[in-house]
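> please work out how this folds:
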Amino acid sequence: MDWPVGQTMTRISRAFIGIAVAAILLITWLLYVRQPPRPEAPIEGSSAAPTRGGQLTVSFRTEPRSFNRYIANDAASELVARLTQDRLVRINRVTGEVEPRLAESWTEDAEGRSYTVKLRSGVRFSDGAPLTSADVLFSFEAAYRAEGSRLAGDLKVGGQPLAVSATDDLTVAIRFPSTFAPGLRILDSLPILPRHKLGTALAEGRFHEAWNSKTAPSELAGLGPFVLTEYAPGQRLVFARNPNFRVKDASGTQLPYLDRLLVEIVPDQNAEVLRLQAGQTDLTTSEVRPEDIAALRRDGQAGRVQLLEVGVGLNINALWFNLRPEAKAKDPRRAWLQSEALRKAISHAIDRDRFVNTVYLGAAAAIYGPVSPGNRLWYAADAPTYPHDLARARALLAQLGLADSDGDGMLEDAAGAPVRFAILTQQGQTLRERGAAVIQEQLRQIGITADIVKLDPPSLGKRFGEGDYDAMFFGFEVTDFEPAANLQFWLSSGDFHLWHPNQPKPATAWEARIDELIARQVTAMDLGERQRLFSEAQRVFGAHAPALYFAAPKIFVAMSPRVAGATPAVLNPQVLWNAEILAVRQPVAR
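Numbers count the residues shown, from 1 in each chain. This is a model prediction of the structure:
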């Protein structure tokens, strides 16, 4: 499990092909960032539409904390929202394009601040109530006003909410507080909810209690392809076709194709794989672990599963230290823990090739920064790197006055205390446990003792929020290729500015510089300029190494041969992001 956030990256080359590069940039900008409204895409594949009907069984590792995505941001609650709710626009998880959903079309002003959004006519919630602009206004109000809302921060620009009003029942005007280059893609995070179901709860201050996990499924209503019909805690969620779902395929068949989608709660990933191999489930929602690839590849060759390599993932584990001032004040004798030289020494000490081969069994790409090479549009290939160099690592530690004063091969500080700290990581997540173990072993080679402390995600979140830790090895979920979707990470004021979150003002000059670059990046309307600014932000980040990155995983998806219509993506949920086009593959007549 990851704590969700967002993110993105790429870079362009050189001179002789200047005109061609400019043309490519312009086309990419039009298709990727400033995508105009267009009809919803027909189903790809053969000309014959998949057969309607049947059931697929999916395994999921956790269960939802709530059926109200506005209040709960865990992966299972997000999955329920993806299946049962819909957005004005959606980010295509494969192409990165903005696709119209409940919005039929929109226009924008030249500054990229004001949008007029036209809703599709005739759209109805699963309970039959019509969708109107009042539901859209209500959804924004709930996101900004509801107690405990987890969406408010994702829907602000420069810390300010969007101004939303209705022209008529099918027209919504949206004004951004300042120019915001990504435009309406920010709305991918906002499921549109029924005012007639939840309006009273919001007015009475009970919205944070509404649609909790104990709510009867019959009380829910949505605009997504499915409706929840059953929830057995710790066992399963059952989804049935939403009879009012508005989307049809190219041949006119109403989606979704499936009659039912059964999501079984299977906390143990070993059990997940065994159930897939035995044909008891059709799809695992978590990506395939490196240790399972070889066996599943053999199953694929035998026709028992479909194993697909999707690309290099965007969700990357990081090692970071607690750089909050109160942490230093709490134990001033260990001031070296907050040193840039320590972080750079560790980065040089980690053999990334060994990390890739040991932790990911080769199914990863070595990296040095927070942006994955799988994010081709925004990845900066020229950001600083820290090649494996133990001599350089030891020299940096010596600059801090850390030396092996007693000849036992391990370092001590100037007062003779051992150079030792604790790394918190997630218990039961094999990649993080293996990664922490490799870091621990390689730090011993430069005389540093690292104690590994394994905790469950809630405990990790609590320790992070309270600043009660030395270092963490953990990861955060990327929800978009776009850099502006990850402002909580990049900005010093952000909740997920890992090493020192929620700063009232930048604590360092380099953090202030990143703040400036990101602020300019999200307002620049030219794609090339946005790429240049974000590449520079990555270079500043790399020069100071506030968080250390070692490998980006290659994403593999495994499905049974029964699954048809899947379009897997590197972003979560890899397959169920487009669940309405999944179908049961029919046997081929012989």
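> going forward, measure contacts and count neighbours with C-alpha atoms only.
OK.
> quick one: contacts for residue 570?
The contact partners of residue 570, by CA atoms under 8 Å, 6 or more residues apart in numbering, come to 93-94, 310-314, 555.
> who wins on neighbours among those?
In terms of neighbours by other CA atoms under 10 Å, the contacts of residue 570 top out with residue 314 at 29 neighbours.
> my guess is that one contacts residue 571. True?
Yes - here residue 314 reaches residue 571: they are 7.1 Å apart, a contact under CA atoms under 8 Å.
> what is in contact with those two at once?
residue 478.
> show me what residue 261 bridges to in the sheet.
residue 56, residue 239 (DSSP bridges).
> what's the distance between it and residue 556?
Noted for residue 261: a distance of 22 Å to residue 556, by CA to CA, to the nearest Å.
> give me phi/psi at residue 118?
Phi and psi for residue 118, reported as degrees, to the nearest 10, are phi -100, psi 120.
> what number of residues lie near it?
Counted with other CA under 10 Å, the neighbours of residue 118 add up to 21.
> next one: it from residue 187, what distance?
The spacing between residue 118 and residue 187, counted by CA to CA, is 14 Å.
> what do you get for residue 480?
The gap separating residue 480 from residue 187 is 12 Å, by CA to CA.
> so for those two, which sits in the more crowded spot?
Per other CA under 10 Å, whichever of residue 480 and residue 187 has more neighbours is residue 480, with 24 against 17.
> touching, that one and residue 571? I think so.
Yes - Residue 480 is within contact range of residue 571, at 7.3 Å (criterion: CA under 8 Å).
> joint contacts of these two?
By CA under 8 Å, 6+ apart, residue 480 and residue 571 have these common neighbours: residue 93.
> re the thing from before, now the contacts of residue 570 as TSV including pLDDT, distance to residue 522 and secondary structure?
Below are the contacts of residue 570 laid out as TSV (pLDDT from 0 to 100; distance: CA to CA, whole Å; DSSP: H, G, I helix; E, B strand; the rest coil):
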residue	pLDDT	distance to residue 522	secondary structure
93	92	21	coil
94	92	22	coil
310	94	29	strand
311	94	27	strand
312	96	25	strand
313	94	23	coil
314	93	20	coil
555	95	29	strand
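> could you single out the nearest of the residues you listed to residue 159?
Nearest to residue 159 out of these is residue 314 (CA to CA; 25.5 Å).
> would you mind measuring from the residue positioned nearest the centre of the chain to residue 572?
Residue closest to the mean C-alpha point of the chain, counted by CA atoms, centre = their mean, is residue 478 at 2.2 Å. Counting by CA to CA, the separation of residue 478 from residue 572 is 8 Å.
> swap in residue 430?
19 Å.
> these two: who's more crowded?
The neighbour count for residue 430 versus residue 572, taken as other CA under 10 Å, is higher for residue 572 (23 against 16).
> just list the residues touching that one, thanks.
Residue 572 makes contact with residue 479, according to CA under 8 Å, 6+ apart.
> just the element for it, please.
Using DSSP states H and E, residue 572 maps to neither a helix nor a strand.
> quick check on it: phi, psi?
Taking degrees, to the nearest 10, you get phi -80, psi 150 for the backbone angles of residue 572.
> run through who's touching stretch 349-367.
Contact with stretch 349-367 is made by 290-291, 312, 387-390, 393, 431, 434-435, 438-439, 442-443, 445-446, 549-554, as judged by CA under 8 Å, 6+ apart.
> please pick the buried ones from those.
Neighbour-count burial (16 or more other CA atoms under 10 Å) applied to these gives 290, 312, 388, 390, 393, 431, 435, 438-439, 442-443, 446, 549-554.
> can you map out the strands along the stretch 1-150 of the chain?
3-4, 55-60, 89-91, 98-100, 103-108, 114-119 (DSSP state E, counting those that start in this stretch).
> mind checking which of these is nearest residue 457?
strand 3-4 (8.5 Å).
> spatially nearest residue to residue 490 (excluding sequence neighbours)?
Of all residues not flanking residue 490 in the chain, residue 497 sits nearest, at 6.2 Å (CA to CA, 6 or more residues apart in numbering).
> ugh, wrong one, residue 171
Leaving aside its sequence neighbours, residue 171 sits nearest to residue 118 (CA to CA, 6+ apart; 4.7 Å).
> which of the three states applies to residue 410?
Put simply, residue 410 is coil when judged by DSSP: H, G, I helix; E, B strand; the rest coil.
> surely it and residue 448 touch.
Yes - with contact defined as CA under 8 Å, residue 410 and residue 448 form a contacting pair (6.2 Å).
> which residues are common contacts for the two?
In contact with both residue 410 and residue 448: residue 419, using CA under 8 Å, 6+ apart.
> which residues in the stretch 101-250 of the chain form helices?
Applying DSSP state H, counting those that start in this stretch to the stretch 101-250 of the chain gives helices spanning 133-145, 195-203.
> try the stretch 451-590 of the chain
In the stretch 451-590 of the chain, the helices defined using DSSP H, counting those that start in this stretch lie at 457-466, 487-490, 509-523, 527-544.
> in terms of pLDDT, where does residue 292 sit?
Looking at residue 292, its pLDDT reads 96.
> that one belongs to a strand, doesn't it?
No - counting by three-state DSSP, residue 292 is not found in a strand; it is helix.
> pull the number of nearby residues for it.
12.
> what does the model give residue 329 for pLDDT?
Residue 329 carries a pLDDT value of 87.
> would you mark the buried spots in the helix or strand where it lies?
Using DSSP H and E, residue 329 falls within helix 325-330. Using 16+ other CA under 10 Å as the burial criterion, the residues of helix 325-330 that qualify are 327-328.
> skip ahead from it and say which helix or strand is next.
Defined by DSSP H and E, the subsequent element after helix 325-330 is helix 340-349.
> what angle separates that next one from helix 527-544?
Helix 340-349 and helix 527-544 meet at an angle of 100 degrees, taking axes from the mean of the first three to the mean of the last three CA atoms, to 10 degrees as the criterion.
> now the helix or strand just after helix 340-349: mean pLDDT?
Sequence order places helix 352-359 as the next helix or strand after helix 340-349, per DSSP H and E. Mean per-residue pLDDT for helix 352-359: 97.
> how about helix 352-359, which residues are buried there?
352-357, 359.
> now, which of these sits nearest residue 210?
Each of those was scored against residue 210 by CA to CA, and residue 359 proved nearest at 41.9 Å.
> check what pLDDT residue 49 gets.
pLDDT, residue 49: 62.
> again but with residue 582, I slipped
On the pLDDT scale, residue 582 is placed at 97.
> gap between it and residue 223?
As for residue 582, its distance to residue 223 is 18 Å (criterion: CA to CA).
> more crowded one of those two?
Between residue 582 and residue 223, counted using other CA under 10 Å, residue 223 has the larger neighbour count: 30 against 24.
> am I right that the more buried one is in contact with residue 85?
Yes - counting by CA under 8 Å, residue 223 touches residue 85, with 4.8 Å between them.
> between these two, which contacts overlap?
Common contact partners of residue 223 and residue 85 (CA under 8 Å, 6+ apart): residue 192.
> so who does residue 471 touch?
The neighbourhood of residue 471, defined by CA under 8 Å, 6+ apart, consists of 319-322, 421-424.
> please flag which of the residues you listed sit within strands.
If you go by DSSP state E, those have 319-321, 421-424 in strands.
> gap between residue 333 and residue 417?
For residue 333, the distance to residue 417 equals 9 Å [CA to CA].
> any low-confidence regions in this protein?
In the predicted model of the chain, residues 1-49, 587-590 satisfy pLDDT under 70.
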